[in-house]
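K.L.:
Below: sequence and its predicted model.
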Number of protein chains: 2
Amino acid sequence: MATVQTPNPAAGDAAAGPAFSPLYQQIKALITRSLQVGEWKPGEAIASEMELAARFRVSQGTVRKAIDELSAENLLVRRQGKGTYVATHSEQQVQYRFLRLVPDEGGKVRVAERRFLDCRRTRAGAEVARALELKTGDPVIQARRLLLFGGRPVVLDDLWLPGGLFKGLTAERLSEHRGALYAFFESDFGVQMIRAEEKLRAVAASAADAPLLGVVQGAPLLSCERRTLTYGDKPVELRRGLYETSAHAYRNELN
Amino acid sequence: MATVQTPNPAAGDAAAGPAFSPLYQQIKALITRSLQVGEWKPGEAIASEMELAARFRVSQGTVRKAIDELSAENLLVRRQGKGTYVATHSEQQVQYRFLRLVPDEGGKVRVAERRFLDCRRTRAGAEVARALELKTGDPVIQARRLLLFGGRPVVLDDLWLPGGLFKGLTAERLSEHRGALYAFFESDFGVQMIRAEEKLRAVAASAADAPLLGVVQGAPLLSCERRTLTYGDKPVELRRGLYETSAHAYRNELN
DNA sequence: GAGTGGTCTAGACCACACT
DNA sequence: GTGTGGTCTAGACCACTCC
């Protein structure tokens, strides 16, 4: 490493174009790799900046810039005076990190009751296969659950997971776990949900779904289709949520 | 400035707590101030890093960190070899910077037809006043417009603007301008929209709105309530959009 | 006090755009 | 070539946490 510069060796340029990549980007990739293979587990501290600088033969400032970006992407969390930690879904603070639904009257009541309605092994249809980058017919696990706030049903989620990554997942284990679903996936299956893409639209409640959410057939529901990705932008979950938004809203910030 | 440190003078600590603020944050505030008072206009280049470093008696690295953050917040745009520019809504690249609606089948057709249905001076009701941080009864301008994609109506927007900031805004001028609405506000009224908060929910089309969007009464629509802010988080627009999402979706990324 | 991240500096050199 | 932002370094000191 050291003072690698222009015709950069670590950055791939086998057949592609110029492909210059600064040192800190290479360091960033190396750290990400370590996270991916589990050198440091979620919730643990990674090596200190000085240690990493020594390991990669680079200045602390360069390691710093790499960690800055990983931290901005929520893969790492810096804690002054303590160290840099691997982000995790298993913490009180970040419960439901990806759920943007907030109650209308600033109530901070976020004690959801969960009901798992279904969980079964099946095979990927064309649409699910495409979203999860599997082949049609590959094994997938499908589950359905209801979230209630203050006793009222608000979210009906259908989710599909690649069978290969979630071996041994059963309805029973789903029902038994405490805390967020992603925390469970992280601790029990080593699958770390890092980022997600969502597509929102308004739909009419179907005859089957309406009673579950306590609305009449045809009532407007917010449909939220989410594709959740892990390291390397590999899709590991497809989720379709139906939100009953008469007392909650999906909150978003634009910059 | 120079080497100001611990019991920081520039950072306010009149009555509050410790209120330590690093140098680069102070520089950031100073640059933001210059943007706010119009020292550099949208689309123009600001002073170079070296010039700013000299002006503020600070190292280039410190200016750099301040600009890094402003650039991450989309207030500034860096262009290697050229300079750092004030962000603007008046560029082909960033047309409809805050509109997250995308067509279903990856069509990149973004040539919206606009129809202004209404524009009138009125007074703020309780709700509008609260959202815009005005007093009930303060003058506001209300407008209504339709966006069509490929000839089909997709978005029905109602918007409220503080009368004091948009003196001389008429239905005619609204209809005549080319390009994005925010570009028009920026160039003709000096109001720069820099970030926004949105609340999404699903609603049923009203008898009045349904025909405008070409749907039947009661059809599900995506309601998008937006509060747009300028420098200092001052609200300068309230907007309520109704999106017909049978062929479009609201796209979001979660990190 | 020792160790960690956070800030600030000064200087060197690289990549890019204009002229 | 000149000027701009972009990267990298080395060293100093500050703020925070824990022992």
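P.N.:
Received, thanks.

K.L.:
what residue ranges in the stretch 151-255 of chain A are flagged as low confidence?
P.N.:
By pLDDT under 70, the stretch 151-255 of chain A has no low-scoring segment.

K.L.:
if I look at the nearest residue to residue A:52 once chain neighbours are set aside, how far off is chain B?
P.N.:
Spatial nearest neighbour of residue A:52, excluding adjacent residues (CB to CB, 6 or more residues apart in numbering or on different chains): residue A:63 at 4.6 Å. Heads up, the C-betas are built off the backbone N, CA and C, glycines and all. The spacing between residue A:63 and chain B, counted by CB to the nearest CB, to the nearest Å, is 16 Å.

K.L.:
Doesn't residue A:63 belong to a helix?
P.N.:
Yes - Residue A:63 sits within a helix when classified using DSSP: H, G, I helix; E, B strand; the rest coil.

K.L.:
mind listing what it touches?
P.N.:
Residues in contact with residue A:63 (CB atoms under 8 Å, 6 or more residues apart in numbering or on different chains) are A:24, A:27, A:49, A:52-53, A:56.

K.L.:
quick one: which of those residues is nearest residue B:245?
P.N.:
Closest approach between these and residue B:245, by CB to CB: residue A:24, at 41.1 Å.

K.L.:
my read: the closest one touches residue A:67, true?
P.N.:
No - checked against CB atoms under 8 Å, the pair residue A:24 and residue A:67 is beyond contact range at 9.2 Å.

K.L.:
Overlap of the contact sets of these two?
P.N.:
Common neighbours of residue A:24 and residue A:67 (CB under 8 Å, 6+ apart) do not exist.

K.L.:
circling back: among the contacts of residue A:63, which one has the most neighbours?
P.N.:
In terms of neighbour count, residue A:27 stands highest of the contacts of residue A:63 at 25 neighbours, by other CB atoms under 10 Å in any protein chain shown.

K.L.:
what's the nearest residue to it if we skip its chain neighbours?
P.N.:
Nearest residue to residue A:27 in three dimensions, chain neighbours excluded: residue A:66, at 4.1 Å (CB to CB, 6+ apart).

K.L.:
residues of the helix or strand hosting that neighbour that come out buried?
P.N.:
Following DSSP states H and E, one finds residue A:66 within helix A:60-72. Buried residues in helix A:60-72, counted by 16 or more other CB atoms under 10 Å in any protein chain shown: A:62-67, A:69-70.

K.L.:
Measure how it sits relative to helix B:60-72, angle-wise.
P.N.:
Inter-element angle recorded for helix A:60-72 and helix B:60-72: 20 degrees (by axes from the mean of the first three to the mean of the last three CA atoms, to 10 degrees).

K.L.:
if I pick the residue nearest to residue A:64 when sequence neighbours are not counted, what's in contact with it?
P.N.:
Spatial nearest neighbour of residue A:64, chain neighbours left out: residue A:49 (5.9 Å); criterion: CB to CB, 6+ apart. Residue A:49 is in contact with A:60, A:63-64, A:67, A:84, counting by CB under 8 Å, 6+ apart.

K.L.:
if we go to 7 Å?
P.N.:
Contacts for residue A:49 (CB atoms under 7 Å, 6 or more residues apart in numbering or on different chains) come out as A:60, A:63-64, A:67.

K.L.:
follow-up on the earlier one: mind checking how far the residue nearest to residue A:52 is from DNA strand D?
P.N.:
8 Å (CB to the nearest atom of the strand, to the nearest Å).

K.L.:
For that residue, give me the pLDDT.
P.N.:
The confidence metric pLDDT takes the value 98 at residue A:63.

K.L.:
Which strands and helices lie in contact with the strand or helix carrying residue A:184?
P.N.:
Using DSSP H and E, residue A:184 falls within helix A:181-189. Counting contacts by 3 or more CB pairs under 7 Å, 6 or more residues apart in numbering or on different chains; DSSP states H and E, helix A:181-189 is packed against no other helix or strand.

K.L.:
From the recorded domain assignment, give the ranges for chain A.
P.N.:
A:23-86, A:101-250 (automatic domain parsing).

K.L.:
Any idea how far apart the tips of the first one sit?
P.N.:
If I follow you right, that is domain A:23-86. Domain A:23-86 has an end-to-end distance of 22 Å (CA to CA, to the nearest Å).
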